[in-house]
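Peer 1: Using only what follows, build the 3D model:
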Amino acid sequence: MLWFKDKLFCDISPTCYKISLQKEIVKRHIKNHLSEEKFSKEKSQEKLPNLVYSHSSNMIKRAPGVDLTLQYNKAINIKLASEKINGIIIHPGEVFSFWETVGKTSKRRGYKEGRVIRKNKLVAGTGGGLCNLGNTVHLLVLHSPLEVTEFHSHSDALAPDEGGRVPFSAGTSVSYNNIDFKFKNNTDQDVQLLLWCEEETLFAELRSEREFPESYKIVEEDHHFQKEGEKFFRVSKIYKESTNKENGDVVEKTLVWDNHSEVMFDYDLIPKAQIR
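Peer 2: The predicted structure is shown next:
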């Protein structure tokens, strides 16, 4: 009996974990049903005229210790989910919800086993890898005046950086459907998300009807790795900087993430020059 008292119900067995997860999924369905939020539903094949921000990323990570099968499966999962989002219009006052748009990621719908983080460990799970897609949408939104209304983080150090460091290239967590990513269109015009895949590359655009008066960029400060006990962590502060397009003045600089991410890859691959 004492053994059970020391554990959460979800930690007792895999069956208990599934029961706990299903409970959270049902709770989210009820919450969304009762919510006064108006979720975006409309899609259009026509692009809105103004490009706010674009981003592209390689979906396949190739590094020592990285399971390529799970990487290829991740790319399949991202393609399926991107097709659900591509072209969606978010009208003024509407909320974009990742899971209300993408829906359930099941084997029946073609989703494969990719990498997921469970109990702070990388394991295989159906629909794995969609955190990459959630993070891409988050990056687009951060380069706009749109308001992030729900965000969950996971480690920003899942794999070694490829090329130069890109702030917020990872770190957004989504898991059907209780861990969501949401943003609200708090502007006076429609905005649109475009997401598509070509071979191993994910492309993304945020578009609007008209140009916004400010530009936005992500600034990372004091980026480094540090050892704490037997573990390494990526540490930095990530800001969103808003600049007036007319005069070039910085209007606002807001901390969006105080990054303290456990390194989930081989410690030997951490750049020695970046360790403090």
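Peer 1: Give me the residue ranges of the stretch 151-276 of the chain where confidence is low.
Peer 2: By pLDDT under 70, the stretch 151-276 of the chain has no low-scoring segment.
Peer 1: Hmm, Glu199 and Gln79 touching each other?
Peer 2: Quick fix: residue 79 is Lys, not Gln. No: Lys79 is beyond contact range of Glu199, at 10.6 Å (criterion: C-beta atoms under 8 Å). Backbone N, C-alpha and C define where each C-beta goes, glycine included.
Peer 1: So those two - more neighbours on which side?
Peer 2: Neighbour count, other C-beta atoms under 10 Å: between Lys79 and Glu199, Lys79 has more, with 17 against 8.
Peer 1: ok so the more buried one is a helix residue?
Peer 2: Yes: counting by DSSP: H, G, I helix; E, B strand; the rest coil, Lys79 falls inside a helix.
Peer 1: quick one, what contacts it?
Peer 2: Going by C-beta atoms under 8 Å, 6 or more residues apart in numbering, Lys79 touches Cys197.
Peer 1: Retrieve the pLDDT associated with it.
Peer 2: What the model reports for Lys79 is a pLDDT of 98.
Peer 1: outside of the helix or strand hosting Ile89, which residues touch it?
Peer 2: Under the criterion of DSSP states H and E, Ile89 resides in strand 88-90. The contact list for strand 88-90, computed with C-beta under 8 Å, 6+ apart, reads 40-44, 48, 96, 101, 146, 183, 185, 190-193.
Peer 1: Can you give me the distance of Gln22 to Ser35?
Peer 2: 20 Å (C-beta to C-beta, to the nearest Å).
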